[in-house]
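Visitor: Give me a model of this one.
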Amino acid sequence: MRLLLAKPLNANQLAKTLGLDYKTVEYNLRVLRKHVLVVQPAEGAYGATFRPSKNLLAARLEFDQISAALREPEPSPRASGDPTSGETQKYPQMEGGKP
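Guide: This next block holds a predicted model:
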């Protein structure tokens, strides 16, 4: 979305820029069009560019806030002492070396 907010691009340009398969980009653009987040002025024309919709531009502040929140790294579960973090817990050995 940030790329389309900067300038209109077609599916091929997006795929190359993002390093993704064309079909993946095409599918996601269809989803974005379905939810009226992007528009394609020359709909169906080969090489037609996509642009942010008026809906997305009206909600730009919210989009930017969500986008920024998604880019923030989550705290490491190991740092929080989370028992589900995958760390093996060490138990003291009983007499004779058996647990």
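Visitor: Nearest residue to the middle of the chain?
Guide: The structure's the chain has its C-alpha centroid closest to Leu70; by Cα atoms, centre = their mean the separation is 7.4 Å.
Visitor: Now it: which helix or strand?
Guide: In this structure, Leu70 sits in helix 60-71 according to DSSP states H and E.
Visitor: Give me the distance from that helix to the chain's centre.
Guide: 11 Å (Cα atoms, centre = their mean, to the nearest Å).
Visitor: what residues does it touch?
Guide: Taking contacts as Cβ atoms under 8 Å, 6 or more residues apart in numbering, the residues outside helix 60-71 that touch it are Met1, Arg2, Leu5, Leu56. The C-beta positions use only the backbone N, C-alpha and C, and glycine is treated the same way.
Visitor: mind checking how far the closest residue to the second one other than its chain neighbours is from Ala11?
Guide: Sequence neighbours aside, Ser67 is the residue nearest to Arg2 in space, at 7.0 Å (criterion: Cβ to Cβ, 6 or more residues apart in numbering). Here Ser67 is placed at a distance of 21 Å from Ala11 (Cβ to Cβ, to the nearest Å).
Visitor: More neighbours: which of those two?
Guide: More crowded of Ser67 and Ala11, by other Cβ atoms under 10 Å: Ala11, with 21 against 12.
Visitor: tell me the mean pLDDT over stretch 43-51?
Guide: Averaged across stretch 43-51, pLDDT comes to 82.
Visitor: Equivalent analysis for stretch 71-80, please.
Guide: Per-region confidence: stretch 71-80 scores 66 on mean pLDDT.
Visitor: Can you give me the buried ones in the helix holding Leu70?
Guide: Using 16 or more other Cβ atoms under 10 Å as the test for burial, helix 60-71 gives Phe63.
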